[in-house]
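**Q** I would like the atomic coordinates for the input below:
(one chain, ligands or ions: 1)
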Amino acid sequence: MLNFEFYNPTKILFGRGMIAKLDEQLSPSAKVLVLYGGASAEKSGTLPEVRQALGQRNFKEFGGIEANPTYETLMKAVEVVRSEGIDFLLAVGGGSVMDGTKFVSAAAKYDGEPWDILTSQGEAVQEVVPLGTVVTLPATGSEMNSLSVISRQSTGDKLLFGNPKVFPRFSILDPTRTYSLPMRQVVNGVADSFVHVMEQYMTYPAQGMVQDRYAEGLLSSILEIGGKIVDAPEDYDVRANMMWVATQALNGLVGAGVPEDWTTHMIGHELTAKYHIDHARTLAVVFPALLKVRRDSKREKLLQYASRVLHLTEGTDDERIDAVIAQTEAFFESLGMPTRLSGYDIGQEGITAIVGQLEQHGMTALGEHKDITLEISRQILETAA
Ligand SMILES: NC(=O)c1ccc[n+]([C@@H]2O[C@H](COP(=O)([O-])OP(=O)(O)OC[C@H]3O[C@@H](n4cnc5c(N)ncnc54)[C@H](O)[C@@H]3O)[C@@H](O)[C@H]2O)c1
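**A** Numbering: from 1, shown residues only. The predicted structure is shown next:
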């Protein structure tokens, strides 16, 4: 097992009606800014429930944080935080609102040009305004991690930063608050969570017995939930399991002490930045192609996954690896997600552009062995063509 430090201070309040406990989480004198995205937070009743839970306390609101949150919009929230003397941020939404709120949290206290926070991958973070979340979309794990992905419209960049100071102080997860999600977003969450676990599992054996079996439990659950969730839109237990699995898929625990390969996310971010494809859908295109190109270096874990999760026992090793890749593609396709770039009309010109963006962002040594060069990234994209 590899050495690791594990730190996760986020308090989780999970279940039906838990938004009512919001007030208890905040100090009586806190000056709160509630941040949210579009009209769905209002229409679904989540925002009204949050307002009610905040009662008579002093709070302001900032709406309009878009999917794939932008620096340009978030800097307007930073102005509100500074001018109103806000000292607590409450994100009500999915990954985009939670990530955006983390950026506002760090940018509002940053003495300099806040885009530095992204270009330094979070090292530049100084002080922060503390934050909490009310989750409406289970997918990213942002509610229990210290990561944030921000886009900049003016340059077409989409960059990630991480810093322990932006862990939410608390996150409220009420599965009934996900019932209003369009099915497209529900399945996006299934795919995103699946790939998050895979990126901390599908590498090479590192004798992380607990981590491997934990990851395999999460993967089995996601495959099972993926097969049920479309036909059971208001099944509390399916939604509750989806919500908790998504949180655990990226709260740091499954990846502690084992190698990780975030190539799929890094290439996926470039596809979203250039083509505005939903985040999870980019992963459904890149991940199967990554498995095809890296089948030799991931061989042992592919076989372990074949036997422990998919229970594949027939055929040669290579035939079982073929079956793993075919079943992974079939899983995404069963969620209605294309697994080829051609599904988004992206051809050779697009591949060259994406490789150029990877180069520009320094993504030249990806993967668990840091040996996925730009040439191999191109091969992955060509395999996904
Ligand atoms: N922080 C992390 O660790 C991490 C990990 C993976 C991805 N991300 C980032 O998170 C973002 C994606 O987040 P996401 O997948 O949660 O989607 P999202 O937050 O972008 O939301 C997608 C859409 O669903 C709507 N929505 C949200 N909750 C709803 C509800 N209950 N009912 C109806 N509509 C609702 C939103 O308004 C939005 O239009 C991307 O920018 C991605 O890069 C972050």
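
**Q** Spatially nearest residue to the residue nearest the centre of the chain (excluding sequence neighbours)?
**A** Per Cα atoms, centre = their mean, the C-alpha nearest to the average position across the chain is that of residue 140, at 2.7 Å. With Cβ to Cβ, 6 or more residues apart in numbering as the criterion, residue 140 has its nearest non-adjacent residue at 3.2 Å, and that residue is residue 95. Yep, even glycine has a C-beta here, placed from its N, CA and C like the rest.

**Q** neighbours of that neighbour, just the number please.
**A** 29 (other Cβ atoms under 10 Å).

**Q** what's the answer for the one 3 residues further on, then?
**A** Summarising burial for residue 98: neighbours were counted as other Cβ under 10 Å, giving 32.

**Q** other SSEs contacting the strand or helix carrying it?
**A** Using DSSP states H and E, residue 98 maps to helix 95-107. Packing partners of helix 95-107 (3 or more Cβ pairs under 8 Å, 6 or more residues apart in numbering; DSSP states H and E): strand 32-36, helix 71-84, strand 88-93, helix 115-119, strand 131-135, strand 147-152.

**Q** Tell me which strands the third one pairs with, and in which orientation.
**A** In the sheet containing strand 88-93, its partner strands are strand 32-36 (parallel), strand 131-135 (parallel), by DSSP bridges.

**Q** Point out the most buried one among these.
**A** Most buried of these, by mean neighbour count (mean count of other Cβ atoms under 10 Å): strand 131-135, with a mean of 27.

**Q** For the residue nearest to residue 140, give me its contacts.
**A** Contact analysis of residue 95 by Cβ atoms under 8 Å, 6 or more residues apart in numbering lists 137, 139-140, 142, 149, 279.

**Q** surely residue 347 meets residue 385?
**A** Yes - counting by Cβ atoms under 8 Å, residue 347 touches residue 385, with 7.2 Å between them.

**Q** between the two, what contacts are shared?
**A** Common neighbours of residue 347 and residue 385 are listed as residue 341 (criterion: Cβ under 8 Å, 6+ apart).

**Q** Close to the ligand: what parts of the stretch 1-150 of the chain are there?
**A** Counting by Cβ under 6 Å from any ligand atom, the stretch 1-150 of the chain comes close to the ligand at 37-38, 40, 44, 67-68, 93-97, 99, 136-137, 139-142, 145, 147-149.

**Q** can you pull out the helices in the stretch 251-385 of the chain?
**A** With DSSP state H, counting those that start in this stretch applied, the stretch 251-385 of the chain shows helices at 263-275, 279-293, 299-308, 317-334, 348-360, 374-383, listed in chain order.

**Q** tell me the domain ranges of this structure?
**A** Under the assignment automatic domain parsing, the domains of the chain span 11-177, 183-383.

**Q** In TSV: those, plus mean pLDDT and distance to residue 4.
**A** TSV is the format used below for the domains of the chain (pLDDT from 0 to 100; distance: least, Cβ to Cβ, whole Å):
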stretch	mean pLDDT	distance to residue 4
domain 11-177	96	14
domain 183-383	97	4
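
**Q** want to try CSV for those, with distance to residue 3 as columns?
**A** Output for those, formatted as CSV (distance: least, Cβ to Cβ, whole Å):
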stretch, distance to residue 3
domain 11-177, 18
domain 183-383, 7
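
**Q** hang on, the earlier thing: just the buried members of the residues of the stretch 1-150 of the chain next to the ligand?
**A** Among those, those buried by neighbour count (16 or more other Cβ atoms under 10 Å) are 37, 40, 44, 67-68, 93-97, 99, 136-137, 139-142, 145, 147-149.

**Q** Show me what the closest residue in space to residue 14 that isn't next to it in sequence is bridged to.
**A** Closest residue to residue 14 apart from its sequence neighbours, by Cβ to Cβ, 6+ apart: residue 173 at 4.8 Å. On DSSP bridges, the residues paired with residue 173 through beta bridges are residue 14, residue 135.
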